[in-house]
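Asks: sharing a model prediction with you, sequence too.
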Amino acid sequence: GAGVSQSPRYKVAKRGQDVALRCDPISGHVSLFWYQQALGQGPEFLTYFQNEAQLDKSGLPSDRFFAERPEGSVSTLKIQRTQQEDSAVYLCASSFYVERGGELFFGEGSRLTVL
Amino acid sequence: AQTVTQSQPEMSVQEAETVTLSCTYDTSESDYYLFWYKQPPSRQMILVIRQEAYKQQNATENRFSVNFQKAAKSFSLKISDSQLGDAAMYFCAYRSSGGSNYKLTFGKGTLLTVNP
């Protein structure tokens, strides 16, 4: 696609529900990131993939958060048993090869509200 | 760990005027990258300008320029001839050029309002 596509743009979940957020990066991009942006804050790193390999998941806040990119393209961020503190915008970004200075391209984010 | 501080939660500027957004950072590294990103209400982060720490010359992109003071760990963004379309959240960000050279560390942002 022309840009990074994320779906859904908005998700309302009841506390305890599981949610799945999808990211479709720019075709051919090796690097893929997930960031969490709480209201009024800057984005915070969650996890990083290089192709299908998850090289860094140090930013995932708990074991309820899980991300995958099985074929090295589309990625899914899954949150199990959602809590109110999970309410945030989840941003996906991709790059041709960030370690070689590739520019990051961001999607429009998925806004999750947990009631 | 690196930290990025934006001390101005909000700024406003008149159309066609100049505004400067401040950013300071803390790092023990000597080589790194600094960025300014713009986030309009659509939420999509857009890269405005990028500076490599090893370059002494300040980066410029059309109406956008930076004042990079490495010793002071300061990286301000100047927007000249402000336009209504410049209204957005602006985030300063840091990226190492060493081991974890893929993570961005962001500041809390500055909300810029452009008045007609």
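Replies: Structure received. Numbering: from 1, shown residues only, chains lettered A, B, ... in the order given.
Asks: any idea of the pLDDT on the residue of chain A found nearest chain B?
Replies: Residue nearest to chain B within chain A (CB to the nearest CB): A:Gly42, separated by 3.2 Å. Any C-beta I mention is one placed from the backbone N, CA and C, and that applies to glycine too. You'll see A:Gly42 listed with a pLDDT of 95.
Asks: give me the neighbour count for it.
Replies: A:Gly42: 21 surrounding residues under other CB atoms under 10 Å in any protein chain shown.
Asks: chain neighbours aside, what residue packs nearest to it?
Replies: B:Phe106 (3.2 Å; CB to CB, 6 or more residues apart in numbering or on different chains).
Asks: wait, isn't the one you found in contact with B:Val4?
Replies: Yes. The pair B:Phe106 / B:Val4 is scored as a contact, 6.2 Å apart, by CB atoms under 8 Å.
Asks: now A:Cys23. Nearest residue, chain neighbours left out?
Replies: Nearest residue to A:Cys23, sequence neighbours excluded (CB to CB, 6+ apart): A:Cys92, at 3.4 Å.
Asks: contacting residues around the one you found?
Replies: By CB atoms under 8 Å, 6 or more residues apart in numbering or on different chains, A:Cys92 lies in contact with A:4, A:6, A:23, A:25, A:32-35, A:75, A:77, A:106-107, A:109.
Asks: before we move on, what about B:Tyr54?
Replies: The contact partners of B:Tyr54, by CB under 8 Å, 6+ apart, come to B:Asp31.
Asks: ok, now A:Val4?
Replies: A:23-26, A:92-94, A:105-107.
Asks: thinking again about what came up before, quick one: secondary structure of the residue of chain A closest to chain B?
Replies: coil (DSSP: H, G, I helix; E, B strand; the rest coil).
Asks: I'd say it and B:Leu104 touch.
Replies: No. Counting by CB under 8 Å, A:Gly42 does not reach B:Leu104; the two are 9.1 Å apart.
Asks: shared neighbours of these two, anything?
Replies: The contact sets of A:Gly42 and B:Leu104 overlap at B:Ala93 (CB under 8 Å, 6+ apart).
Asks: would you list every one of the strands in chain A?
Replies: Under the criterion DSSP state E, chain A contains strands at A:5-7, A:10-13, A:19-24, A:31-37, A:44-50, A:53-56, A:65-68, A:75-79, A:88-95, A:105-106, A:110-114.
Asks: what stretches of chain B score poorly on pLDDT?
Replies: Per-residue confidence for chain B (pLDDT under 70) gives these ranges: B:99-100.
Asks: check it for the residue nearest chain A and tell me.
Replies: For chain B, CB to the nearest CB, closest residue to chain A: B:Phe106, 3.2 Å.
Asks: residues near that residue, how many?
Replies: 22.
Asks: and what of B:Leu84?
Replies: The burial count for B:Leu84: 9, using other CB under 10 Å.
Asks: tell me which helix or strand the closest residue to it other than its chain neighbours sits in.
Replies: Leaving aside its chain neighbours, B:Leu84 sits nearest to B:Val114 (5.3 Å; criterion: CB to CB, 6+ apart). Using DSSP states H and E, B:Val114 falls within strand B:110-115.
Asks: now residue 24, which residues is it bridged with?
Replies: Picking chain A for this. For A:Asp24, the beta-bridge assignment (DSSP bridges) gives partners A:Ser5.
Asks: the chain in question should be chain B.
Replies: In beta-bridge terms (that is, DSSP bridges), B:Thr24 pairs with B:Thr5, B:Ser74.
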